[in-house]
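Chemist: this one's sequence-less:
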């Protein structure tokens with residue numbers, strides 16, 4: 001594969017809660033927003049946003065994702081070459097590694113997460129972004145548990161607001177958990193869906209999260225719903241705890 005350069009260009013990221021009052025109960029972790037289960041029918045209230053203005057990533061909201069050993073983060077880098085802020089746009093790049101003597105990996109990519117800086121339980125998140133397409137490209141906007149209430153991955157679940165592969169004309173919106181991965185329960189209920197998209201244009205990728213369902217959205221329209229089910233293994237619904245946000249370019 002000849003990889004030159006591709007990117008995920010993120011515009012606005014924002015999170016809304018049901019009003020009238022936002023409940024923030026974790027005194028020892030004031031960045032964690034919690035919401036009572038009976039507030040889902042109230043009007044939305046903006047509680048957190050980032051327009052990516054300025055010349056630097058807002059480190060009160062985001063950190064650069066470090067490299068790891070999993071498929072999704074094996075090429076993550078802290079290097080400035082894979083991050084660029086300009087005109088209210090954050091560019092997260094995937095590039096040929098310019099210094100394989102210092103770092104032998106052939107490619108490096110950029111990603112940000114709100115881990116330890118912002119997490120929420122129930123509400124709506126929307127991310128406006130444009131995606132670059134290339135063979136091997138795997139940009140994603142997703143969420144992981146902040147507090148690890150049920151143990152290590154995949155016990156706490158994963159919420160994939162958007163994944164895009166290669167040159168696809170669709171996005172993938174998916175949930176993963178012990179229930180879907182280890183128990184193999186991917187159809188009771190269906191754990192993911194797809195939606196047609198022009199990835200090269202700006203789109204708004206969203207999730208409305210309630211105590212009994214995850215509602216995935218594209219440009220304000222519902223595209224896939226993952227419901228909480230009764231009468232199944234309790235690991236089907238680990239989504240009763242705060243999650244943080246990841247926006248990243250993957251290979």
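Modeler: Yep, that arrived. Here the structure is a predicted model, which is why all the values come from computation and not from measurement.
Chemist: in the stretch 101-250 of the chain, which spans are helices?
Modeler: 178-181 (DSSP state H, counting those that start in this stretch).
Chemist: I'd assumed residue 171 was in contact with residue 142.
Modeler: No: using CB atoms under 8 Å, residue 142 is not in contact with residue 171, being 11.7 Å away. C-beta here means a position set from N, CA and C on the backbone, and glycine is covered the same way.
Chemist: Residue 210: neighbour count?
Modeler: With neighbours defined by other CB atoms under 10 Å, the count for residue 210 comes to 20.
Chemist: so how far is residue 97 from it?
Modeler: 42 Å (CB to CB, to the nearest Å).
Chemist: again with residue 118
Modeler: Taken as CB to CB, the span from residue 118 to residue 97 is 30 Å.
Chemist: more neighbours, the two?
Modeler: Legend: neighbour count by other CB under 10 Å for residue 118 and residue 97, higher for residue 118 (22 against 19).
Chemist: okay but the more buried one is in contact with residue 61, surely?
Modeler: Yes: the pair residue 118 / residue 61 is scored as a contact, 6.0 Å apart, by CB under 8 Å.
Chemist: who touches both of these two?
Modeler: Common neighbours of residue 118 and residue 61 (criterion: CB atoms under 8 Å, 6 or more residues apart in numbering): residue 48.
Chemist: can you pull the contacts of residue 174?
Modeler: 160, 163, 191, 192, 193.
Chemist: Narrow those to those that are buried.
Modeler: 160, 163, 191, 192 (16 or more other CB atoms under 10 Å).
Chemist: Including pLDDT and distance to residue 105, could those residues go into JSON lines?
Modeler: Below are the buried ones among the contacts of residue 174 laid out as JSON lines (pLDDT from 0 to 100; distance: CB to CB, whole Å):
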{"residue": "160", "pLDDT": "98", "distance to residue 105": "24"}
{"residue": "163", "pLDDT": "98", "distance to residue 105": "22"}
{"residue": "191", "pLDDT": "98", "distance to residue 105": "31"}
{"residue": "192", "pLDDT": "98", "distance to residue 105": "29"}
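Chemist: Good, we can wrap up now.
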